[in-house]
Structure formats: C-alpha cells, structure tokens
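K.L.:
What would the 3D arrangement of this be:
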Amino acid sequence: MRASLIATVAATALLALAACDQKTPPAAPAAPGAPPAAPGAPPPAADPGDPVGDGGAEQTPDEALPAGPAAPAQPANPPASPPATFQHLETGDLIPGSGSGYLDRTVWSPDLCFPMADGGFANSQVYGAGGGKGPKDKTSQCDAMNYSLPWRDNFCEARGYTSPICATGTGHQGQDIRPATCKKNVHWVLASEPGIITDIGTYTVTLVGSAPPHRTYRYLHMAMGGLAVHEGDSVKAGDHLGKTSNDFGQTPTTIHTHFEIRAGVAGTTTDGKPVVLHTFLPPYASLVAAYQRQLNGEACH
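P.N.:
Got it, this is the predicted structure:
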C-alpha cells in the first residue's frame, strides 16, 4: 500500500508539470487604441522595423514633442554691398581733336584725397559744352553733357602752357573737374594731403606736401574772396581750402577746379620718360583712384 501511494503522488506531479509546459505566456499589452486580442489568439508578430523595447508606441500622448529642425544659422555680419563704381575713360583718351593726350597709368599720388568734397566730373572745360572750342549746338556750360559720366582725361590738351611730358612740350598742365552741380561758390575744394599752403595768387592756391616726396598741388579758379586758408597755414588731408568757382583774374572761366600735381623728386614715367623736380605730372590716374576711395566711404588721411 505504501508503494502504491508513492506511485500515485509521482504520477500527480508529472501531470502538473505537463500542464505547466502547455500554458500560453501572457500577451503583451495592446497598443493604445488597438482592439483587444481574441481570447486564446496568438500574439501579433513583431514588426522588424519596430524599436526594441518601446512596446510598439513611438510616442505617448503626454510626451513632449521633439524639437524640429533648427533654422539655418544666419551670419553675424551680412555680406557688404559691392562698392559703388563709376565710368571713366582710359588715361590719355582726350576728346578727338583736342590734343595728343598722354598715356601714363602711374598713380603719382597713391593716398590722394579727392579734391572735391561732393564729388565731381572730370572733363574738358574748353572743349566741353559752353567752352570756347565746345560743340556749336551746346552753348551752356550747365549742359548735361558736362555733368554726366564717363570721366575724361584732359592732361596735354592743346594749350600754350609749358608741359615737358606732353608730346609737343606744351599743353594743359592738369585736370579740369566740374563740381557736383553747375553752381559756383557752393562746393568745397579739399586739401589733397597734409602740407603747407606756400602760395596764394590771383586765382591759384598752392599746397606742398609735408612728407616725402613733397609733391606740389595747385588749385585754380576757386572763389578767391572767401578762401578758408592763408599763406603759411598747415593743413590736413581733407581740410577745406575754398569753394569751386570761375575766378580767372579779370576774365571769368567756366565753373570748375583746375587741379595739378607737380613732382617733388626726380623720376620716370611708365614709358621711361624722365621727370625732373616740379615737372607737371598727369593727375588723372591718381584722381580716378582717389574718387573710388571717396565712393567707398574711405576717409582722407
């Protein structure tokens, strides 16, 4: 009887173990909003693309939304606008029939302060509208052709003044510059570099640079009765000298400033021509560079 009892207990234990092996594991909790699984149905197969361990839910309703893509970073300083430019013809390109001109691209005064505070128009006052040899159908010096671009060189224009660099040995010794508007005694003329006012004549003001090579600048036809300087004055680049006018001794000229540069030391031009002390130098290339700096907003120094 004892053996029979032991056999019965062992059989019962074996049946219990078999029943445990056949039980279905508990189903995973359904995703929010999914219908309940049918009783006894096998669990749904896992999507191979689902993240492991997140229960199939990408985001719970109370979870904060992730930040979206960041806006493109803006540069701290936006690109500057391209500098203003202006039209100007080549050095030595004079009005046809007005003279030989002189092709010299040397910037004789690299730091030149443009001599007109409000800008201006470089061109010929003799061969332009209203000039003694200008177009017959344009008799007003205020004609738009004189106050428009492009600039035009007029160094070595046919004149009777001594100018050794010019092909004939004579010609216009500087550059004519009309002011921003056809009005006299309005627009300031400026000192081209630091220096001393060494001479004031009937219709001229002469400035000699303080630093080597001591270039000489001469300004003609300002309003001589209202100059801002006197002989012997020291000036800085950009200082007011006087106002553009038409003073020419007893004979008025057109409203413009005649501007000259003379050599402070001996040298040579770009084509090898010798330059001696006080030679009249072609100012056009220096004026073009100086005016571009003025357009760029660069201060004179």
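K.L.:
Leu220 contacts Tyr203, doesn't it?
P.N.:
Yes - in this structure, Leu220 is within contact of Tyr203 by CB atoms under 8 Å, at 5.7 Å. The way it works is simple: take the backbone N, C-alpha and C, and place the C-beta from them, glycine included.
K.L.:
what is in contact with the two at once?
P.N.:
Common contact partners of Leu220 and Tyr203 (CB atoms under 8 Å, 6 or more residues apart in numbering): Phe248.
K.L.:
where do the strands sit along this structure?
P.N.:
Under the criterion DSSP state E, strands of the chain are mapped to 121-122, 175-178, 188-190, 195-200, 204-209, 216-220, 234-235, 240-243, 257-262, 267-268, 274-275, 280-281.
K.L.:
and Ala129, which of those strands is closest to it?
P.N.:
strand 175-178 (10.6 Å; CB to CB).
K.L.:
Can you name the residues that contact Ile165?
P.N.:
Tyr102, Asp104, Cys156, Thr269, Lys273, Val275, Thr279, Phe280, Leu281, Pro282.
K.L.:
Put the buried members of those residues into a PyMOL selection.
P.N.:
Per 16 or more other CB atoms under 10 Å, the buried members of these correspond to this PyMOL selection:
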select buried, resi 102+104+156+269+275+279+280+281+282
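K.L.:
Dump the contacts of Ile165 to CSV, plus distance to Cys300 and pLDDT.
P.N.:
Below are the contacts of Ile165 laid out as CSV (distance: CB to CB, whole Å; pLDDT from 0 to 100):
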residue, distance to Cys300, pLDDT
Tyr102, 27, 92
Asp104, 24, 88
Cys156, 28, 96
Thr269, 26, 85
Lys273, 30, 83
Val275, 25, 89
Thr279, 25, 94
Phe280, 23, 96
Leu281, 20, 96
Pro282, 21, 96
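K.L.:
Which of the contacts of Ile165 lies at the shortest distance from Ala129?
P.N.:
Using CB to CB, the contacts of Ile165 come closest to Ala129 at Cys156, 21.3 Å.
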